[in-house]
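Novice: Pasted the sequence and its predicted model underneath.
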Amino acid sequence: MSRILYILGIILIFLSMMEIFPFLSDLISGSENWIVFLFSSIFTFFIGVSLLLSGSNKVEKLTSRDAFFLTVLIWLVLPIIGSIPFLFSIDNINLVDSIFESISGLTTTGLTIIHDLNNVQPGILLWRSLLQWIGGVGIIVMSIAIFPLLRLGDINFMTIEPLKENNKALPRTFELAIAIAVIYFFITVFCLFSYSIFGMSLFDSINYAMTTISTGGFAPHNTPFEFYDSLYVKLIATFFMIVGAMPFTLYIKAIRKNIFVIFSNSQVRFFLFFCFIMVLIITFWFWLTTSKDFFEALIFSMFNTISIITTTGFSSSDASYWGSAYVFVLILAFSGGCSGSTSGSIKVFRYQLVLKFLKTQLDKLLHPHGVFVVRYENNVISSNIIFSVTAFVTMYLISWALLSALISLTGFDFQVSMSTAAASLTNVGPAVGMNVNYQDFPSITKILISLGMLLGRLELFVFFVILLPSFWRDA
């Protein structure tokens, strides 16, 4: 337990340091809200140091149970601490609202309870973006440093496999995490400069860069991309959403060798091909059923479809604009990006493995005496990994149905309940939600949505395991 407190203390100290940036932003802009971030930073730092001192830096390997508990504890404590600036800065919101906004940021979902972003202090806007940026890199680092300890076979295999090369030793976990954090930072800077070159203000470029790379979807304006009515800005956003949804471990490999190794990975090829086909289908649908010309339909479809598939959640229109295609769009929300990325949802590698497994079953029907195995990247996939994938997909769909039912019990119709549950569980956010603002929702509904966001970000099983009595009984 002492080791867990020590790690949590370090994370809280890091979070307190991040609060310096919105503090400076409000101070420079003349907003009196700087005092909130100063207080929150000091308070968070004090809690972090207290946990650090009460814990232990003794080198000891975390057990599987410790890893489960630490993961859930991080994703419960950080949203509570991160909610402090919202609670004391925004009028007419309560504790549930502020925690909702904080969870939405850290899980990179993008749902919001803020009605008018155009009149919010710059510090709060920057804090929202920082939470998503921290949450994006956080889930990648955790998938490398902590998830392997959880013995989740499919995640372990798909996160580390891209780095394997000619039986060479893999980098140490700490070195790998630092390398990914550095790459994440420089890609964000590159995105920032790209936005700035094509007309965004520096402040907006910083915010959009952080929420694009993290595939989060928060924006400093009520209408994210209508505010900058620019084709180039949308193309930049589309490109970096794809970058954020690909395995960051492959970027390390690309730096060591060349950029083309990224496209040698079957998961990346499948992901890009899937994006291309979906954009093409929706482009032709809009071209044939609306007044848009082909180019307009292509740009609209490309931006919005990639935003949904990567679970970023940026939207250039209201969800109702999709019309009869909305069901198709809702299904896209359950695709997700690649493993080892900032993207949420089920992720494409699981669909790859399921399709390969189904093919072997069909082959067995045709050739009952044949021996067929599932292969991925020249590796034989064990039955344990196949079972893990099918169990995850099944649990995911059950969780969506159950969350939809619970939301409907709070007074919402079928369509709103299903779309809201999907928006939260897949971490896609407003792009598939039927309501772009959630402040008017009952508190119980916001609690359910918050739970859905956490479940989706924690890959379901991580959260459900600690609910088992045996987890605590055997501790």
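Specialist: Sure thing, it's come through.
Novice: Going by C-alpha atoms from here, please, whenever you check contacts or count neighbours.
Specialist: Noted.
Novice: Excluding covalently adjacent residues, which one is nearest to residue 294?
Specialist: Nearest residue to residue 294, sequence neighbours excluded (C-alpha to C-alpha, 6 or more residues apart in numbering): residue 287, at 5.5 Å.
Novice: For the helix or strand containing that neighbour, which outside residues touch it?
Specialist: Element membership of residue 287 [criterion: DSSP states H and E] is helix 266-289. With contact meaning C-alpha atoms under 8 Å, 6 or more residues apart in numbering, helix 266-289 is reached by 246-247, 262-263, 292-294, 297-298, 300-302, 305-306, 309, 337-338, 348-349, 352, 377.
Novice: before we move on, the earlier item: and the residue nearest to residue 294, what pLDDT?
Specialist: If you check residue 287, the pLDDT there is 91.
Novice: now do residue 155
Specialist: At residue 155, the model reports a pLDDT of 57.
Novice: now residue 161
Specialist: Looking at residue 161, its pLDDT is 53.
Novice: which regions of the chain lie under the pLDDT threshold?
Specialist: Applying pLDDT under 70 to the chain flags the ranges 56-61, 147-171, 316-321, 431, 433-436, 474-475.
Novice: quick one: furthest residue from the center of it?
Specialist: Going by C-alpha atoms, centre = their mean, the residue of the chain most distant from its centre is residue 369, 43.9 Å out.
Novice: In three-state terms, label that one for me.
Specialist: Put simply, residue 369 is coil when judged by DSSP: H, G, I helix; E, B strand; the rest coil.
Novice: before we move on, what about residue 228?
Specialist: The local conformation at residue 228, judged by three-state DSSP, is coil.
Novice: Number of residues surrounding it?
Specialist: 15 (other C-alpha atoms under 10 Å).
Novice: Can you tell me, leaving aside adjacent residues, what's nearest to it?
Specialist: Counting by C-alpha to C-alpha, 6+ apart, residue 228 lies nearest to residue 200, which is 7.5 Å off, once chain neighbours are set aside.
Novice: Surely the one you found touches residue 230?
Specialist: No. When contacts are counted by C-alpha atoms under 8 Å, residue 200 is not listed as touching residue 230 (9.9 Å).
Novice: More neighbours: these two, which one.
Specialist: In terms of neighbours (other C-alpha under 10 Å), residue 200 is the more surrounded of residue 200 and residue 230; the figures are 19 against 13.
Novice: The more buried one - that's part of a strand, no?
Specialist: No. Under three-state DSSP, residue 200 falls outside any strand and is assigned coil.
Novice: now it: how far from residue 310?
Specialist: Computed as C-alpha to C-alpha, to the nearest Å, the residue 200 to residue 310 distance reads 23 Å.
Novice: before we move on, back to that, for the residue nearest to residue 228, phi and psi?
Specialist: Backbone torsions of residue 200, given as degrees, to the nearest 10, read phi -80, psi 150.
Novice: roughly how far apart are it and residue 414?
Specialist: In terms of C-alpha to C-alpha, residue 200 sits 39 Å off from residue 414.
Novice: now do residue 80
Specialist: In terms of C-alpha to C-alpha, residue 80 sits 31 Å off from residue 414.
Novice: More neighbours: those two, which one.
Specialist: When neighbours are counted by other C-alpha under 10 Å, residue 80 and residue 414 differ, and residue 80 comes out ahead with 16 against 13.
Novice: Which positions in stretch 295-315 come out as buried?
Specialist: 297-315 (16 or more other C-alpha atoms under 10 Å).
Novice: can you check stretch 203-218 too?
Specialist: 204-218.
Novice: and which of those is nearest residue 67?
Specialist: residue 214 (23.6 Å; C-alpha to C-alpha).
Novice: got the contact list for that closest one?
Specialist: Listed by C-alpha under 8 Å, 6+ apart, the contact partners of residue 214 are 108, 132, 133, 135, 136, 137, 244, 312, 342, 343.
Novice: May I see the residues you listed organised as JSON lines, with distance to residue 461 and secondary structure added?
Specialist: Formatted as JSON lines, the contacts of residue 214 follow (distance: C-alpha to C-alpha, whole Å; DSSP: H, G, I helix; E, B strand; the rest coil):
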{"residue": "108", "distance to residue 461": "19", "secondary structure": "coil"}
{"residue": "132", "distance to residue 461": "22", "secondary structure": "helix"}
{"residue": "133", "distance to residue 461": "24", "secondary structure": "helix"}
{"residue": "135", "distance to residue 461": "19", "secondary structure": "helix"}
{"residue": "136", "distance to residue 461": "20", "secondary structure": "helix"}
{"residue": "137", "distance to residue 461": "21", "secondary structure": "helix"}
{"residue": "244", "distance to residue 461": "24", "secondary structure": "helix"}
{"residue": "312", "distance to residue 461": "23", "secondary structure": "coil"}
{"residue": "342", "distance to residue 461": "18", "secondary structure": "coil"}
{"residue": "343", "distance to residue 461": "18", "secondary structure": "coil"}
